[in-house]
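*Asks:* got a predicted model here, sequence first, then my questions.
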Amino acid sequence: GRPVVLVCADEGEGERLARDLESLTGQRVPVLAPRSYIFHNAATVSRQWEHRRLALLDKLVREKKKSLILVSHALGAIRKITDRVYVMYAGNVVEVGKTKEVFEHPHHPYTIGLMAATPKLTGSGIAGDIPSYINPPKGCRFASRCPRCTQECLEAPPILADMEDGRQVACHHAGEEAAV
């Protein structure tokens with residue numbers, strides 16, 4: 001599985017929490033020192049273990065009034081226990097906002113496609129080719145997969161810009177309505 005890293009305020013608390021997480025994940029959990037928890041959501045043996053682990057993290061954050069950085073592809077976990085989400089595509093942040101708002105009304109074409117591509121019995125996911133990470137395209141990294149793509153998208157990378165609703169989106173056509 002992928003590594004799990006726990007960052008805690010004090011060593012005693014960290015060691016106790018690490019043991020709890022180790023029993024749920026079956027892997028060693030290193031403990032670091034700041035005042036936040038960082039958790040990379042690794043693949044788990046069962047849904048029950050996944051639920052218990054996420055419930056423990058949610059409880060720790062709420063009771064200890066600390067931050068949690070959850071790095072994950074598990075949209076359900078992200079939606080359940082985070083307040084703010086950073087959506088990344090090909091190494092770049094493409095959308096930032098309150099979790100509920102991003103899930104209910106995504107602005108960036110990748111986020112829209114990601115929400116539409118959640119596992120179902122039917123559906124094809126997001127069309128197009130994933131760009132090279134070694135030699136990324138000159139413009140927007142999502143351009144080859146984007147229904148809004150224009151020449152501007154191929155030539156210049158978009159910058160993360162503030163939206164009227166307080167979110168941030170890296171798209172030349174943010175705010176435009178388009179079917180994905």
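*Replies:* Looks like it arrived, so ask away.
*Asks:* show me which helix runs longest in the protein.
*Replies:* Identified as the longest helix of the chain according to DSSP state H is helix 47-64.
*Asks:* can you tell me which helices and strands that helix packs against?
*Replies:* helix 11-25, strand 36-40, strand 67-71, helix 75-81 (3 or more C-beta pairs under 8 Å, 6 or more residues apart in numbering; DSSP states H and E). (Glycine included, C-beta is placed from N, CA and C.)
*Asks:* am I right that G91 is in contact with F142?
*Replies:* No. G91 is not in contact with F142 according to C-beta atoms under 8 Å; the separation is 11.5 Å.
*Asks:* between the two, which one's more packed in?
*Replies:* Set side by side, G91 and F142 show more neighbours around F142, with 27 against 9, by other C-beta atoms under 10 Å.
*Asks:* pLDDT wise, what is the more buried one at?
*Replies:* What the model reports as pLDDT for F142 is 93.
*Asks:* again with T150
*Replies:* 96.
*Asks:* that one against H172, yeah?
*Replies:* Yes. Using C-beta under 8 Å, T150 is in contact with H172, at 7.0 Å.
*Asks:* more neighbours: these two, which one.
*Replies:* Between T150 and H172, counted using other C-beta under 10 Å, the more crowded position is H172 (21 against 13).
*Asks:* what about P147, distance to P109?
*Replies:* 6 Å (C-beta to C-beta, to the nearest Å).
*Asks:* ok, those two, which is more surrounded?
*Replies:* More neighbours surround P109 than the other of P147 and P109, with 28 against 13 (other C-beta under 10 Å).
*Asks:* which residues sit against stretch 85-96?
*Replies:* With C-beta atoms under 8 Å, 6 or more residues apart in numbering as the test, stretch 85-96 has contacts from 78, 84, 97-99, 102-103, 106-108, 110-111, 114, 130-131, 133, 136, 141-142, 157, 160, 167-171.
*Asks:* so what's C171 up against?
*Replies:* V94, H107, H108, P109, C140, R148, P158.
*Asks:* C-alpha coordinates for the stretch of helix or strand the first one belongs to, PDB please?
*Replies:* This means V94. Applying DSSP states H and E as the criterion places V94 in strand 92-98. Provided in PDB are the C-alpha atoms of strand 92-98 (Å, rounded to 0.1, in the frame of the first residue of the first chain):
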ATOM      1  CA  ASN A  92      -1.200  21.400 -10.900                       C
ATOM      2  CA  VAL A  93      -4.000  22.700  -8.600                       C
ATOM      3  CA  VAL A  94      -7.000  23.400 -10.900                       C
ATOM      4  CA  GLU A  95      -9.700  24.200  -8.400                       C
ATOM      5  CA  VAL A  96      -9.900  25.200  -4.700                       C
ATOM      6  CA  GLY A  97     -12.900  25.700  -2.500                       C
ATOM      7  CA  LYS A  98     -15.200  24.500   0.200                       C
END
